[in-house]
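Student: no sequence for this one, just the structure:
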Ligand SMILES: Nc1ncnc2c1ncn2[C@@H]1O[C@H](COP(=O)(O)OP(=O)(O)OP(=O)(O)O)[C@@H](O)[C@H]1O
C-alpha cells in the first residue's frame, strides 16, 4: 500500500526568479512558482515553451543560471541525497535495459531507495501484473509508460514529476494512465506534470501554469482560466459574400451583439467568445445575412484551455 504523507505546512515546490539560457536560446525567463502539498499542478505550453527545462531544473538534472529552487523545504545544493530519496521522476523518455524483465527493472529501481513500496505493489499500481516476466523490449508504448511510472513510484515519493506522461499513447492507454494518476492524487501525493494536451491538463490538474517563451503567462485553476476567455462558448465561422466579392464583416457589428465577449480573425476564420449560444447565434446569422454574406463553415465548442492560450498569444498551441 502506498503511504505518501505530504507536509501541509510548506509548499512542496517553490521557484524564485528562475532563468536558464542555452547558447542564444532563453529557455526559462524568470519563473516564480509555488505548488501546494497534495496538488496536481500542470505546466502547459507549446513545444519549446520551456516546460522540460523548468521541470529538469526542479528535478536537479539541469542547473539554472540564476534563481532558487526549493522542494519539500530542501534544495539541491545541500540536500541532494535526501531529495533523491523523496521525489519520483518520470522523464520525457526513459531508456530501460531492453533485456531485463519488468520485475527485474523494478527490483533495480527499488534498490536505489532506502524506503519505498514493494516491487509487487508497484507492479499492481501500474497494472503490469500480466507483464511482470516480459522483457522490457517487448512492451507496448503504453506499457513502457506505465513501467516508467512504476519506477517513479517505487520509492513511495511525496513529490512526483512527470514530463509529458501520455505523449505518444493511444486514447485508451492515455485514459488508463489518467486513472492511475487519479489514484495517486487521491493518496495525497503532490504531482507536477508537463503536457501539451489541453484535455489532459483540464482533466487532471488542480492548477495550471500556461508557459510561452520561457515565461508563465497565466496561472490558475482550469475553470477560472477558461472563464477568463469571457464566454463559455466559442463560435467559429468563415463567410463569403453572395456576389463572391468580399467576405469581410465589420468586427464591430459582431461585438455589438449582446452576449458576444470578443472577436478574433485568424486565417479567414472568425472566432467569437460567446456567453449563451441560443441567444447569440441567431443574431450572428442575421448580421451575416444583413451584410449579404453566407457561411462556408460554422462550428461551436465549449471554451477550453486551448482558447485561453489563443486569447493570450494569438496563436494555437498546435501551430508551434
Ligand atoms: N540542452 C539544450 N541545448 C540547447 N537548447 C536547448 C536545450 N534544452 C532545451 N533547449 C531549448 O530551450 C527551449 C525550451 O525547451 P524545452 O525542452 O524546455 O521546451 P518544452 O516546453 O519542454 O518543449 P517540448 O514540449 O517540445 O518538450 C527550446 O528552444 C529548446 O530548443
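Tutor: That came in fine, so what should we check first? Values in this document were obtained by computation on a predicted structure and should not be read as measured data.

Student: for the stretch 101-250 of the chain, what spans make up the helices?
Tutor: 102-110, 119-125, 141-153, 171-186, 198-204, 222-227 (DSSP state H, counting those that start in this stretch).

Student: how about TSV for those helices, with mean pLDDT and distance to the ligand added?
Tutor: All C-beta spots, glycine's among them, are computed from the backbone N, C-alpha and C. Formatted as TSV, those follow (pLDDT from 0 to 100; distance: least, Cβ to the nearest ligand atom, whole Å):
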stretch	mean pLDDT	distance to the ligand
helix 102-110	95	24
helix 119-125	90	26
helix 141-153	89	16
helix 171-186	86	16
helix 198-204	90	13
helix 222-227	91	18
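
Student: Determine which stretch of those is the most buried.
Tutor: Each of the helices of the stretch 101-250 of the chain was scored by mean neighbour count; the highest is helix 141-153, a mean of 22, by mean count of other Cβ atoms under 10 Å.

Student: any low-confidence regions in the stretch 1-150 of the chain?
Tutor: Across the stretch 1-150 of the chain, residues meeting the criterion (pLDDT under 70) sit at 1-8.

Student: Please identify the residues of it in proximity to the ligand?
Tutor: By Cβ under 6 Å from any ligand atom, the residues of the stretch 1-150 of the chain that approach the ligand are 22, 25, 27, 45, 47, 48, 49, 50, 51, 52, 53.

Student: Which pLDDT value belongs to the residue nearest to residue 230 when sequence neighbours are not counted?
Tutor: Spatially, and ignoring its direct neighbours in sequence, residue 230 is nearest to residue 261 (3.3 Å; Cβ to Cβ, 6 or more residues apart in numbering). On pLDDT, residue 261 comes in at 89.

Student: strand partners of the helix or strand hosting residue 261, parallel vs antiparallel please.
Tutor: Per DSSP states H and E: residue 261 is located in strand 260-266. Its sheet considered, strand 260-266 pairs with strand 269-274 (antiparallel) by DSSP bridges.

Student: Would you mark the buried spots in the partner strand?
Tutor: Within strand 269-274, the residues that count as buried by 16 or more other Cβ atoms under 10 Å are 270, 271, 272, 273, 274.

Student: that older thread, would you list the residues of the stretch 1-150 of the chain next to the ligand in a markdown table and tack on secondary structure and neighbour count?
Tutor: Shown next, in a markdown table, are these (DSSP: H, G, I helix; E, B strand; the rest coil; neighbours: other Cβ atoms under 10 Å):
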| residue | secondary structure | neighbour count |
| --- | --- | --- |
| 22 | strand | 11 |
| 25 | strand | 11 |
| 27 | strand | 22 |
| 45 | coil | 27 |
| 47 | coil | 11 |
| 48 | coil | 15 |
| 49 | coil | 26 |
| 50 | coil | 25 |
| 51 | helix | 26 |
| 52 | helix | 19 |
| 53 | helix | 24 |
